[in-house]
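# Give me a model of this one.
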Amino acid sequence: MSIQISAQHVKQLRSQTGAGMMDCKKALQLNQGNMQLAMETLRKKGLASADKKSNRIAVEGVIESYIHLGSRIGVLVELNCETDFVARRSEFHRLAKDIAMQIAACPSVKYVSLDHIDQDTYSNEMRIESEKEDLKNKSEEIKNKIIIGRVNKSLKEISLMDQVFIKNQDLSIDELIKRHIALLGENIKIRRFQKFALGEGLEKKTSDFSVEVKEVINKME
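Numbers count the residues shown, from 1 in each chain. Below is the predicted model:
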């Protein structure tokens, strides 16, 4: 016989996981009311469900924007789902806004995921790491392991999906997406994004006031 689970516990679990009410109740019953174990059950279920949906075509969605305080940094991101129905859901729009905010908060991020990183970037990172002084006296086997480990670490720093979610340090962006796939029942993909920084790419003109004063004086003489 299953134990009775209070609505308050179900609501608490739902707020922490984003899973449906019935799924939360079942997970709590399965784990005798243990919140931590119930969260693990939902996470495993959600990841499995998300993995199954990850290859489905997602062509609907939204283009979301985020302008940081002071209007000096801006982001546009395209977030895709499978149907217009999900694209209109408030949860989907909050996710898009959170992702845009995440991009603005991560100046080093350049790619959606590791799969989006081009071969030239990968090869350049391998070359840089292989030429470092501290590897000269290492054997080839150990040297290669260190290089690959360092390159993977460096590439993850520029991959959006590998970033820690700024609103929940226990989640990566990849896990955040998968939770919403489980919650909304559709595949969700970050297709592309663009960051804008005020004045980026422009050479700022600086002037030396003392030089300007001297030039004026010289003209007067």
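
# where along the protein do the strands fall?
Counting by DSSP state E, the chain has these strands, from start to end: 60-67, 73-81, 189-197.

# So which of the ones you listed is the most surrounded?
Burial among the strands of the chain, expressed as mean neighbours by mean count of other CB atoms under 10 Å, is greatest for strand 73-81, which shows a mean of 21. Glycine gets a C-beta too; all of them are placed from N, C-alpha and C.

# List the strands paired with that strand, with their directions.
According to DSSP bridges, the neighbouring strands of strand 73-81, each with its direction, are strand 60-67 (antiparallel), strand 189-197 (antiparallel).

# Need these in CSV (columns: distance to residue 34).
Below are the strands paired with strand 73-81 laid out as CSV (distance: least, CB to CB, whole Å):
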stretch, distance to residue 34
strand 60-67, 37
strand 189-197, 34
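
# Show me how far stretch 28-44 is from its chain's centre.
Taking CA atoms, centre = their mean, to the nearest Å, one finds the center of stretch 28-44 at 26 Å from the center of the full chain.

# Averaged pLDDT, it. What do you get?
Stretch 28-44 shows an average pLDDT of 82 in the prediction.

# again, but for stretch 188-196
Over the span of stretch 188-196, the pLDDT mean works out to 95.

# Residue ranges of each domain in the chain, please.
Dividing the chain into domains by automatic domain parsing, as the record does, gives the ranges 1-53, 58-117+158-200, 118-157.

# of all those domains, which has the lowest average per-residue confidence?
Confidence, taken as mean pLDDT, is least for domain 1-53 of those (a mean of 75).

# Of the strands of the chain, give the one that comes closest to residue 131.
Nearest to residue 131, of all the strands of the chain, is strand 189-197, at 29.8 Å by CB to CB.

# so residue 130 touches residue 147, yeah?
Yes - between residue 130 and residue 147 there is a contact under CB atoms under 8 Å: 5.5 Å.

# Between those two, which is the more surrounded one?
For the pair residue 130 and residue 147, the greater number of neighbours falls to residue 147 (20 against 14), based on other CB atoms under 10 Å.

# Please give me every residue in contact with residue 72.
With contact set as CB atoms under 8 Å, 6 or more residues apart in numbering, residue 72 has these partners: 197-198.

# Quick check: phi and psi at it.
phi -110, psi -20 (degrees, to the nearest 10).

# go on, residue 106?
On the backbone of residue 106 - angles per degrees, to the nearest 10 - the values are phi -120, psi 80.

# Quick check: it vs residue 159, distance?
When distances are taken as CB to CB, to the nearest Å, residue 106 and residue 159 turn out to be 10 Å apart.

# of those two, who's got more company?
In this comparison of residue 106 against residue 159, neighbours counted by other CB under 10 Å, the higher total goes to residue 159 at 23 against 18.

# That one pairs with what?
Those that pair with residue 159 in a beta bridge, by DSSP bridges, are residue 111.

# go on, residue 77?
For residue 77, the residues forming beta bridges with it (DSSP bridges) are residue 64, residue 193.
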